[in-house]
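Undergrad: Okay, sequence plus prediction incoming.
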Amino acid sequence: MRCKEEFQMNKKELVAAVAEQAGLKKVDAEKAIEAFTAVVEGALKAGDKVQLVGFGTFEVAERPEREGRNPRSGETMTIAASKNPKFKAGKALKDAINA
């Protein structure tokens, strides 16, 4: 049985795969990936969502302030409200993975 870490793709491998798939130089593929992530990040910071039909949707989920416990001392503490990016896979992506 193979280990999960064996199948993880890092940025360098992603750049190489995109360059090969799109017929680009690695430098150009890296610029495209960096531009994509910057645009998605900017949209999420602005409160927008990014929807790629068939692939999925990037959006921000807001978590309200809540009470939690310090696991070491057991004391109750307030956990501040936060915004977290989330990704919801689209139907076509789900179908492709499950095929």
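TA: All right, it came through fine. For clarity, every value in this text was computed on a predicted model and none was experimentally measured.

Undergrad: The spatially most central residue of the chain: helix or strand, and which one exactly?
TA: Closest to where the C-alpha atoms of the chain average out (Cα atoms, centre = their mean) is F87, at 6.0 Å. Assigned by DSSP states H and E, F87 belongs to strand 82-89.

Undergrad: how far does that strand sit from the chain's center?
TA: Relative to its parent chain, strand 82-89 has a centroid offset of 8 Å by Cα atoms, centre = their mean, to the nearest Å.

Undergrad: what's the next secondary structure element after it?
TA: Taking DSSP H and E, what comes next after strand 82-89 is helix 91-98.

Undergrad: G54 and D95, how far apart?
TA: For G54, the distance to D95 (Cβ to Cβ, to the nearest Å) stands at 9 Å. From N, CA and C alone the C-beta is placed, and that goes for glycine too.

Undergrad: From what I see, the residue nearest to the centre of the chain and V60 are in contact.
TA: No - here F87 does not reach V60: they are 11.0 Å apart, not a contact under Cβ atoms under 8 Å.

Undergrad: confidence score at the residue nearest to the centre of the chain?
TA: The score at F87 is 97. That number is its pLDDT.

Undergrad: so what's it bridging to?
TA: Assessed by DSSP bridges, F87 has beta-bridge partners F58.

Undergrad: so how many other residues sit close to the residue lying closest to K49 once chain neighbours are set aside?
TA: Nearest in space to K49, with sequence neighbours left out and distances taken as Cβ to Cβ, 6 or more residues apart in numbering, is E59 at 3.8 Å. Counted with other Cβ atoms under 10 Å, residues neighbouring E59 total 17.

Undergrad: Show the contacting residues for E59.
TA: By Cβ atoms under 8 Å, 6 or more residues apart in numbering, E59 lies in contact with L44, K49, V50, P85, K86, K88.

Undergrad: Burial check on the residue lying closest to the third one once chain neighbours are set aside, number of neighbours?
TA: This points to V50. Leaving aside its sequence neighbours, V50 sits nearest to F58 (Cβ to Cβ, 6+ apart; 4.4 Å). By the measure other Cβ under 10 Å, the count of residues near F58 is 18.
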